[in-house]
Structure formats: C-alpha cells, structure tokens
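S.K.: Give the three-dimensional model of this entry:
(2 chains)
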Amino acid sequence: MSSTHPIKDLIVRLLGEALDTVAPDTPVSLDIERPKNATHGDFSCNVAMQLARPLKKNPRELAQHILNELPASPLVARTEIAGAGFINFHLAPAAWHGIVPRIRAEGAAYGRGDAGQGQRVLVEFVSANPTGPLHVGHGRQAALGDALCNLFATQGWAVHREFYYNDAGVQIATLATSVQARAKGLKPGDAGWPEAAYNGEYIGDIATDFLAGKTVRADDREVTASGNADDLDALREFAVAYLRHEQDLDLKAFAVKFDHFYLESSLYTSGRVEATVNTLVANGKTYEHDGALWLRTTDYGDDKDRVMKKSDGGYTYFVPDVAYHIAKWERGYTRAINIQGTDHHGTIARVRAGLQAVGLGIAEGYPDYLLHTMVRVMRGGEEVKISKRAGSYVTLRDLIEWTSKDAVRFFLLSRKPDTEYVFDVDLALAKNNDNPVYYVQYAHARICRVFEEWGGQPASLADASLAPLTAPHELALMQRLAEYPEVIATAAQELSPHLVVHYLTTLAGDFHAWYNAEKFLVDDPATRLARLALAEACRITIVNGLALLGVSAPETM
RNA sequence: CUGCCCGUAGCUCAACUGGAUAGAGCACCAGCCUUCUAAGCUGGGGGUUACAGGUUCGAUUCCUGUCGGGCAGGCCA
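M.R.: I've put the predicted structure just below:
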C-alpha cells in the first residue's frame, strides 16, 4: 500500500534512491513508521533488518551503507542507526510547516485519496423490517453504515446506500393481525389477543389512524387506510407504509439518507428467486431429502447443508438473500458491504456458498460483512430497557431525544464494532471534557472564538510565514494533522470508523494542550499570524473528520 | 458438544496490522486555578497484554492448546 502521509512520502523517496545503489535487485517493502518513543526520532525504518537475511549481512552495517547513499535533504535534520538496525529520521521543524498551507489550500478535500478509482460499492445497512420503530442496534448500524459510506467516498469510491426490507413475510402477517386486534378494541393481555403479536403502543397508533382513514407516505409508497378492520390486506399495507414512514422519521432525526430501498418481495415478482433456484439445481448443487430441496453449502465451507425449499413449498430466508446478492453483483457492484448484528453471522457462510454455487463468477468472499454487537443504554446508573412507544426496547429516537444526534453518532462510532457498547446517557449530556463529543466540538468552537476575537480574514493568512512555529505543542499538532489522510484511508480499508473518532479526540487533545500553553493573539504579528494559520488548519481537519461521522461542528457552544 | 468473535492499568478503550521502554481518558494522589470560552490546568503512581507452549533478530499482534465471556448452531428472520 502506498503511503498517504505527506512526510512519509519524502522519506520513502530518499530511502528508495539509497536502495537503488545498496540493494538494487532485492525487493523489499519500505515501511516507514512513527516511533512510539520520541527519542527515536520522527520516523523510523526497518529495511536494514528486512534485508539482512537475503543479503546475508549484519543489519547495522547495512543500515550504515544505506545512510551513506541517502541523498541529503534540508528537511532531515539528522539520521541515526539504533537498536537492532532501525534507521531513525529526525526532521527539521520546517518539514512539518508544509502541512499547514496544504490543509488550508485543500480545505474540505484535505485527506481525500483515490484508491477507489471510481469503482462502485454498495453498502447495505439498517435493513429493518417494517414491524416497529428503529432500536438502538439499528442506530449503531446507521451510524456505522453512513460513516463508512462517507469514508469510502473520500477514497474515490462511487458509493450507494441501500436499505433492504421484507414487506410480505411471516413477521408482516403478525404485524397485520396485531393491528387488526387493536382496531377491534383488543389490547395486549386481553382474551382473544393473538399469541404471536407486537405489543408496543405504536400498534394502537396505527390502528387509530387506520380507522380514521388517514394517508401515509414512505419511500416508494403511499397508502390511504380503508378503515375496514376486517380487511387484513388493507391493514397490512397500511401498517407497512405507516412503519416505513415511522422509520423514515427515525432516520431523518439521525440525518441518514438512503439512495434506495430494496424490497424482498420484488425478488419474487421479478422471478429472481425462481431463477436462482433453477440455476442451483441445473448446476447440480442441490438434492432432495425429506421432501425438501437442499443446497450443498458444505462444498463451500459451511458446517452443514441447508434447506432452500421447505417441504411446504416455501423458500427459506437465505434463498432470496442469495438472489438479492446476485442482483447486487449484476447491477455492477463488484464490491458490496453488509452491516449486520453479530447474531446474523450464521448466514454469511450460506449466502457466500450460494453465490459460489450459482457459478456466475462472483468473487469469493463476496459480499464483505461488518458485524457489530449489541448496545445497552445506561441512565442514572441504571440500565434502560424499555421505551413508551416500542414497549420492549429502547428506540433510536428515544436516545436522540434524550441526548442529541451528534452525541449518539459519535458515541456509537467510538468503539470497535465487535465490542459491546454501553451508551451512557448522562455522559452524553455532560458539558465538560469527560464527554468526548463535547471535547472535540469545543476545540472547534474555541478556534472559531479566537478568529472572532482577532477579527481578520482567514484568507489573509495565506502568506503567513510559519517559521515561528517551533514549540513542542505546535510540532506535535502539525504531526497529528499530517496523519489525517492516512487515518481515514486505513479507516476505510479496515471498515473501522472508530479510528476516526480516536483520531479526533487525540487531535482535540493536542489542540487543547497547545491552547492551554500558548496564547494565539499575541502582540508579535509574525507569531500571531503563524499560530492563527495553524489553528485554522486544525479547524479544517476537525470539520472534515466530524463530517465523516455525521457530527456537526458548532461555532459556539 | 461444534463454529465464529472477544479477553490489554481498578473502569472504558488504543496500539499505525510483526518493531524499540504497551499508550490515552476516567478514577486515585500531589500541586496550581487573575488568561482568546468559562464548566478547569500541570505532574505522578498504576501492567507477567487471561494462562501455557510454538514460529524469529523481535509477538498485544501470527499458529496450537487451556480457561473465561458474547453470539450462533430451525424446513424462523
């Protein structure tokens, strides 16, 4: 992977020239890293250790050879050989100054790369069936999915956000009978209330609107209630549209937009499910047993073969799933990423097996999955488990209303997806540095406040000399800013938006430390302008990073 | 019982994907607190990276096993 770090690129170039002489015929990967220990310099390289074995030479001697051939650069203050054969680079402060005008010139584009080269990627997330409001787990998916899409967009991918749902299956039938029961005056617990039913208060709301003959509109549908509680089909259609609209409001409150809503039922009406089954049968990947049709998923690494067509004639859920992913592939998305809870991990092997078995040349390992664990909510030291509207779970909208869209987004993205997350409502509301969102947003607001106090035009900083920026806090901040492009490239590649959150809190920490140590609006004009230029670069980077997470950057707090 | 994921300071989490003395924030302790935004600032203690082996110059990272936790294992989705 080529470096996306502006200063690393320089080191790589210098070392590359030296290696052309020292080891012209030995391939080696030039990994430049930032040592944890500051006394080891700004960058270090382990090539000498890598080359020691193939060249049969002492790594420290090799390092010396490389240094002898290293072209001089005014930005490199000195080099040294350390430890087992590390080559350490200590840079001049001027090496870091270049990052400031670069960020100011690139603005919102700072950090972008072109690794994606315009390729299409489809990210599927949330994909909640219309049976109730979105819960906090969907919130985690929405935050992850949207951030991931933003990250991919910065890396030059053509991103498509998709929401897949089922408007027909067993769950929807249960929804219809639940609403019907409410429409006929029954309540959960009454004699005659269906055994399998949704019991949240929202079911009553749907029944009320249905009886009132209201009209609801959601993504691709608009339904007017017939008001006839004996018409189960009408009840179903109305309930689905109502809850899709409800979820649209949840998503709007969370500022997540989808490009497309894909219906599972369309896979049946278009014949895609049937065609998929026929292909699998024709390819000899299936067999009949106990009156059912089985797919040999074990040929592709699954634990056991899976039933595709039940003895009652219906398909199991993974068949339309396979058909859906074939459609994704045929729609031109050679890369697809699905975001789901870890409780669905069992389906991965069988969907992938199905995609291989159809023999359409779909890449192995298609699609990618990003799995996340559950979210628990704590408030006042106690776990919150229910909400008024949904009854049995905390909704995403509850969480947003208790705190804020920004806090929910930031918090849900702050941990690796595969670790359980405990959402602390009280912390999200705290207006102090314990609250990481506040901490980052506050850094931005502080910079804005300084500029307001200064009263000049940011554009007038373009020609400012950065030579006065030599204090440790200033160097640390510039080094941090230079890392940003690499951080977001890695975050995209590793499907790890949490890296952006960690970066931003660290960057904010560097900024606050500098702010506490130095006054920006000093009398000396050269120092003042240099510091303002750096502060502006910092502000731009914070804005860019927060934008990826879908978190706002307020100018005042 | 089997598969996948996880196990790092008292707590919540990092560690640039194999680098040098494992880092932050809470909490704790000690000082400070007349400032562009204030709800604080500066420093300090704290670790056998669950455990035992293995791979190599070098392991939190890769491999094997053990222990502990989560999620799955349906002709449910």
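
S.K.: What separation is there between A:Tyr165 and RNA strand B?
M.R.: 9 Å (CB to the nearest atom of the strand, to the nearest Å). For every residue, glycine as well, the C-beta is placed using N, CA and C.

S.K.: Who are the contact partners of the closest residue to that residue other than its chain neighbours?
M.R.: Once flanking residues are discounted, A:Tyr165 sits nearest to A:Asn129: 5.4 Å by CB to CB, 6 or more residues apart in numbering. Counting by CB atoms under 8 Å, 6 or more residues apart in numbering, A:Asn129 touches A:165-167, A:169, A:171-172.

S.K.: what do you get for A:Pro194?
M.R.: A:174, A:177-178, A:181.

S.K.: Let's see if you can find the most crowded of these.
M.R.: A:Ser178 (26 neighbours; other CB atoms under 10 Å).

S.K.: That residue is in contact with A:Ala197, isn't it?
M.R.: Yes: A:Ser178 lies in contact with A:Ala197 (CB atoms under 8 Å); the separation is 4.3 Å.

S.K.: shared neighbours, the two?
M.R.: Contact criterion CB under 8 Å, 6+ apart; residues shared by A:Ser178 and A:Ala197: A:Ile203.

S.K.: The residue nearest the centre of chain A and RNA strand B: what is the separation?
M.R.: Compute the mean C-alpha point of chain A, and by CA atoms, centre = their mean the closest residue is A:Leu148, 3.0 Å away. As judged by CB to the nearest atom of the strand, A:Leu148 and RNA strand B stand 14 Å apart.

S.K.: Can you give me every residue that contacts that residue?
M.R.: The neighbours of A:Leu148, taking CB under 8 Å, 6+ apart as the test, are A:123, A:337, A:339, A:370, A:492, A:495, A:497.

S.K.: Show me what whichever strand or helix holds the first one is packed against.
M.R.: The one in question is A:Val123. A:Val123 belongs to strand A:120-124 when assigned by DSSP states H and E. Using 3 or more CB pairs under 8 Å, 6 or more residues apart in numbering; DSSP states H and E, the elements in contact with strand A:120-124 are helix A:136-154, strand A:158-165, strand A:335-341.

S.K.: Burial check on the closest residue to A:Arg539 other than its chain neighbours, number of neighbours?
M.R.: Of all residues not flanking A:Arg539 in the chain, A:Ile447 sits nearest, at 4.3 Å (CB to CB, 6+ apart). By other CB under 10 Å, 25 other residues sit near A:Ile447.

S.K.: tell me the contacts of A:Ile447?
M.R.: Neighbouring residues of A:Ile447 by CB under 8 Å, 6+ apart: A:511, A:535-536, A:538-539, A:542.

S.K.: Out of those, flag the one nearest to A:Tyr366.
M.R.: Using CB to CB, A:Ile542 is the member of the contacts of A:Ile447 that sits closest to A:Tyr366, with 36.3 Å.

S.K.: now stretch A:386-399: mean pLDDT?
M.R.: Per-region confidence: stretch A:386-399 scores 86 on mean pLDDT.
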